[in-house]
Every structure is written in C-alpha cells, then in structure tokens.
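K.L.:
Sequence first, then the predicted structure, then my questions.
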Amino acid sequence: MNIIKQTDSSLLALGNMDKKSTFEMTSQSKTKVSRVFSGVQPTGNIHLGNYLGALKQFVDLQDGNDCIYCIVDLHAITLPKDPGELRSSILDVAALYLAVGIDPKKSIVFVQSDVAGHAELSWILMCNSYTGELSRMTQFKDKSRGNESAPTGLFAYPVLMAADILLYDSDVVPVGSDQKQHIELTRDIAIRINNKYGEDTFVVPDGRFLKDGARVMALDDPTAKMSKSSENPHSLISLLDDEAKIRKSIMRATTDSDGEIRFDPEAKPGVSNLLTIYAALSGKTVADAEHEWSGRGYGDFKKAIVEVTIDALDPIQRRYAQIRSSDELVATLRNGAERAGAIAEKVMLRVKDRFGLGSAGAMIESGM
C-alpha cells in the first residue's frame, strides 16, 4: 500500500521473477499470512505498471489470505481535486478492481472514507509521531521541493497510511519499493505505541516489496517509473486505453541505437523495460523472451508487444464496461464498507481502551 499510489507505485511480480519468490519481506518470517491490506488512490486510470505490479497479484493473494483492498480517497485530497471527478474516479478504480479479478466474495473491497476509523486512528497516531521523522520522508521532499510551503496533508499523509494499515491488524502490506520508507514508519509507530501502551495494541505489519528488477518503467524515459503524473501521455499505457493509443505509445517507446534485443537494465534500459512488459503479459520469463527475440529487430518486437498488450487488456476492458454502470458496483462497496467497518470498530475499541479514550472506559473506571 501503497499506499499504492497510481502516480507512482507498482507492486508485485513480473515475468523475470519466480512465482515462488515474488516478494521480499521486511522480516525473516515467510509463513503464510493471515491478513493482507493494500490500497489504490482514485487519481485517474490505472496504468500497466499498476496492473502488473499490483492488481494482478492482488488477485493471486486472495487464495489462502484474508485480503482487504481499499480505494484510498482521503489520500487523494492531499492536493486539490474536483469533487465530481473524484467521485467518478472512485467508481472507476472500484470497477477496475473487480474487472481484473478481485472477488468480493473472497476479499473486502471498500472506499476509505466510508470507514470513519481511518481518520480517527490517524489522529491518535499523529500524536505519537514526530515532525522529524515525517520531514525525512523522501516523497514529501520530492513533492514539496522548490515550494516555500506545502499542504499539511502532504506532510502528514504517511501517518494516515499507517492508520490504514494498523486499523485492520494487517500482517502483510504489498507495496512498491518506493513505499518502503512509509512501511518502516508504520512499523516504528506501532512498536513505539506497543512499548508504551501494551505489546498487543497493534499488529506490527511486514512489507512485501517489489524486487528492483521487476518494475515497469516509463515508455519515453525508462530510467523513471511509469506514472500517470507524466506530461507525456505516451509514457504509459492505461488499462482503458484503446488499441490506437496502445499501438502509438508502444511504437514510440524509447530503445537505443545498437539494435540488439537483450536484457540489461543498466546499458539498455528501454529494451529491458519492453522485455519485462512482453514477458509479463505473455506469461514467459524475461530470459525466454530474450531468447525468442535474439537477433530480431526492434520494429517487429514492438509490434508483438502491441498485440500481447491488446490481448491482455481486452477482457479487462469488456468486464469493466459491464461493471462500471451496474448496481453490483455500489452494492459491493457498501457491503465492503460494512465488513471493513466491523473489523475497524473492534480495533478502535482496543486502541481507545489502551489510551484511556472515550466514555466507555470512563464508565468502567467510575464503576458505572
């Protein structure tokens, strides 16, 4: 969790990674997890990097785990958003969750602001965090660079992210490697509070991080992550892009001048990025894709990537079109909020009791 931000985060495993070793863990334990939590910001169309790095693996994690997937709309307002566009984007992301195969019978899918505990716990954690540790967050530094002042929400949102995670007694949080610092902050806050108020106040979560060689990079600049914040629309492929846009963006993708198709992220970042995408969408390893295209030209290679991309996204787009305007979507979110709220309520009762908050604890203390 990101939180998984659509602006930058992509999460899990791609074609050059063994299915049994998709993630790195923050702890030594590799045992089967009980509860998984992650979220995506409703800030526009989910792109190919988000899908391959996050949502595709969200689907796989549903089997054998207790999964909670959130549309983190409170995070989306750290910078101003048009209310109408935000409402629409929330439903867009929710529909894509379902379209890629997240099953609301197996997982909880809901909108963050529909569960009040997120904001409530965020304040409690805020009172147990420090400006020094928040000011060291690299994403805040990057987004506030060059400005004399920045919105307080931009500064404090890692605490809200910590609340998102801790509110559900999450065991594992799958996030992009760019979110590692935020997971470390979450763990630090949880351990700090546990040491002061009781070791079982919070479950201390593990982060599950994308391995460095598996990220999907921008098509126009393969040294940077694929991101919807790019000014160049052809730097990324969105899951809802039409065939003409997909073809144009991939055929324009940056390569190099030596004409050799081989995987070498340092010397050939553009070609390596295209091999990663091709392998992931065709179900092959990068090594197999590299062997398949050895000695062949960039033009034919790009055309093949266009075809596998269109084939991979077509069923998602068709399912999305069915879901987006259906009653199923809103009903799923309402049901998810009720289920998530029931978990959050129990955690908040425990936390408030430890902190001495609320009338229930005061009544017990007074013997009422």
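P.N.:
Thanks, I have the structure now. The model shown is predicted, which means the values in this text are computed figures rather than measured ones. Numbering: from 1, shown residues only.

K.L.:
What ranges does this protein have for its strands?
P.N.:
Ranges of strands in the chain, per DSSP state E, are 3-4, 23-25, 35-40, 66-71, 107-111, 172-175, 206-210.

K.L.:
would you turn those into a markdown table with distance to Ala331 and mean neighbour count?
P.N.:
No exception for glycine: its C-beta is placed from N, CA and C like everyone else's. Output for the strands of the chain, formatted as a markdown table (distance: least, CB to CB, whole Å; neighbours: other CB atoms under 10 Å):
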| stretch | distance to Ala331 | mean neighbour count |
| --- | --- | --- |
| strand 3-4 | 24 | 28 |
| strand 23-25 | 32 | 16 |
| strand 35-40 | 20 | 26 |
| strand 66-71 | 15 | 25 |
| strand 107-111 | 11 | 24 |
| strand 172-175 | 26 | 28 |
| strand 206-210 | 30 | 23 |
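
K.L.:
export those strands to TSV and tack on distance to Met226 and mean pLDDT?
P.N.:
Shown next, in TSV, are the strands of the chain (distance: least, CB to CB, whole Å; pLDDT from 0 to 100):
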stretch	distance to Met226	mean pLDDT
strand 3-4	13	46
strand 23-25	20	40
strand 35-40	15	94
strand 66-71	20	97
strand 107-111	24	98
strand 172-175	16	88
strand 206-210	13	78
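
K.L.:
pLDDT score for Gln179?
P.N.:
Among the per-residue scores, Gln179 holds a pLDDT of 83.

K.L.:
What is the burial count for it?
P.N.:
As a burial measure, Gln179 scores 27 neighbours (other CB atoms under 10 Å).

K.L.:
now do Glu266
P.N.:
Using other CB under 10 Å as the criterion, Glu266 is surrounded by 6 other residues.

K.L.:
can you tell me how far Pro83 sits from Leu91?
P.N.:
If you measure Pro83 against Leu91 using CB to CB, to the nearest Å, the figure is 13 Å.

K.L.:
Between those two, which is the more surrounded one?
P.N.:
A side-by-side neighbour count of Pro83 and Leu91, using other CB under 10 Å, places Leu91 first with 18 against 8.

K.L.:
looking at the chain, which helix or strand does the model trust least?
P.N.:
Lowest mean confidence among the helices and strands of the chain (mean pLDDT, DSSP states H and E): strand 23-25, at a mean of 40.

K.L.:
still on that earlier bit, mind giving me TSV with the strands of the chain and columns for distance to His234?
P.N.:
Supplementary listing: the strands of the chain in TSV, determined by distance: least, CB to CB, whole Å:
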stretch	distance to His234
strand 3-4	23
strand 23-25	31
strand 35-40	23
strand 66-71	27
strand 107-111	31
strand 172-175	27
strand 206-210	24
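
K.L.:
among these, which is nearest Thr276?
P.N.:
strand 206-210 (11.7 Å; CB to CB).

K.L.:
tell me the helices in the stretch 151-300 of the chain, going along the chain?
P.N.:
Residue ranges of the helices in the stretch 151-300 of the chain, as given by DSSP state H, counting those that start in this stretch, are 152-166, 180-197, 243-251, 269-282, 286-293, 298-324.

K.L.:
next one: the stretch 1-150 of the chain
P.N.:
Shown for the stretch 1-150 of the chain, the helices assigned by DSSP H, counting those that start in this stretch span residues 48-50, 56-61, 73-76, 83-99, 117-126, 131-135, 138-144.

K.L.:
From the contact counts, what lies against the third one?
P.N.:
Here helix 73-76 is seen to pack against helix 83-99, helix 152-166 when contacts are counted using 3 or more CB pairs under 8 Å, 6 or more residues apart in numbering; DSSP states H and E.

K.L.:
Quick one: distance of it to the chain centre.
P.N.:
For helix 73-76, the separation from the chain centroid amounts to 13 Å (computed by CA atoms, centre = their mean, to the nearest Å).

K.L.:
what's the average pLDDT for it?
P.N.:
Taken as a whole, helix 73-76 has an average pLDDT of 95.
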